[in-house]
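Structure, please.
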Amino acid sequence: MADLNVTIRRYTNSTFLGLLAIAGVAVIIVTNHPAKSAEGSGSTTAKLNVVVTMRSVTVSPSKTVFTSCHGGAAPFRSTRKALGYPNGICLIGNPGSRWPIVITNGVRADVDVQSTVAMPKDGGTPWQLCNPVVRPAVACHGNGAAPGFNQFAVQNFSSSGLNLRGLTVKQSCDVEFNSFGSCLALSGERQREGIRLIGPSRPGDNSRTWHVTITWTAVPPR
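Residues are numbered from 1 along each chain as shown. Model (predicted):
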């Protein structure tokens, strides 16, 4: 019986693949790579509240009327509800007992105040503001530094007293806002005030109705 010789050879992968290729065997090589996983996410939206930074004041009432008028001379003497000439005086409130305008501050601020000119209802010539004091912002040209022709003065007051210097068309510190003669107002602080108006020596317009707007403004503390 013939001897059977068996030869066992070890081939590398490349050699083995080469032999298969020579033998005409199709070789498909599959390389395994891990597949990318689909991304997933979640989120939350958070609401953030912050402190108020917008300065503001509120004024009540928004409309009012001058009364308690006095002064002037015949034949143009003031009546209780109508200003007379020369230099009649009318009030909103009473310096010693009644302050009907309520000014309420928002966040801590200085409170300024100013007045417009007095506009006649017929759209004619307005009265200009002046200050009946020494070293005024705008001088009054009437007798004894009182308002002159087509001039008038506006003074605000509170329980602390009367602002003798008066208002101008430009913003200035409302010295009546607190008892220290300062306009510094804390958050939510309020003040009650009134208005005193001194009319002209004589008007240049015959209108029976005039309008004046007083504005308070909150500004950053100085």
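
list the contacts for Ser160?
For Ser160, the contacting residues are Glu176, Asn178, Ser179, Gly181, by C-beta atoms under 8 Å, 6 or more residues apart in numbering. Bear in mind the C-beta positions are built from the backbone N, C-alpha and C, glycine included.

Need the buried ones from those selected in PyMOL.
In PyMOL syntax, the buried subset of the contacts of Ser160 is picked out as below (16 or more other C-beta atoms under 10 Å):
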select buried, resi 176+178
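
Can you lay out the contacts of Ser160 as TSV showing distance to Thr104?
Formatted as TSV, these follow (distance: C-beta to C-beta, whole Å):
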residue	distance to Thr104
Glu176	15
Asn178	13
Ser179	17
Gly181	20
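
Tabulate the contacts of Ser160 (CSV), appending pLDDT, secondary structure and distance to Trp127.
Shown next, in CSV, are these (pLDDT from 0 to 100; DSSP: H, G, I helix; E, B strand; the rest coil; distance: C-beta to C-beta, whole Å):
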residue, pLDDT, secondary structure, distance to Trp127
Glu176, 94, coil, 23
Asn178, 85, coil, 30
Ser179, 78, coil, 32
Gly181, 80, coil, 28
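
So Thr67 sits against Asn94, correct?
No. Between Thr67 and Asn94 there is no contact under C-beta atoms under 8 Å: 10.1 Å.

mind showing which ranges of this protein have poor pLDDT?
Scanning the chain for pLDDT under 70 picks out 1-35.

quick revisit: so which pair among the contacts of Ser160 is furthest apart in space?
With distances taken as C-beta to C-beta, the most widely separated pair in those is Glu176 and Ser179, at 9.4 Å.

any idea how far the closest residue to Gly194 other than its chain neighbours lies from Val102?
Leaving aside its sequence neighbours, Gly194 sits nearest to Gly93 (C-beta to C-beta, 6 or more residues apart in numbering; 2.7 Å). Gly93 is 11 Å from Val102, where distance means C-beta to C-beta, to the nearest Å.

More neighbours: which of those two?
More crowded of Gly93 and Val102, by other C-beta atoms under 10 Å: Gly93, with 22 against 13.

Relative to Asn105, how far out is the more buried one?
In terms of C-beta to C-beta, Gly93 sits 20 Å off from Asn105.

quick one: the strands in this structure?
57-60, 67-70, 89-92, 101-105, 109-115, 119-120, 128-129, 151-158, 161-162, 172-173, 184-185, 190-198, 210-211, 214-219 (DSSP state E).

what about the closest residue to Asp205 other than its chain neighbours, how many residues close to it?
Closest residue to Asp205 apart from its sequence neighbours, by C-beta to C-beta, 6+ apart: Gly124 at 3.9 Å. Residues lying near Gly124 (other C-beta under 10 Å) number 12.

Ser43 now?
When neighbours are defined as other C-beta under 10 Å, Ser43 has 4 of them.
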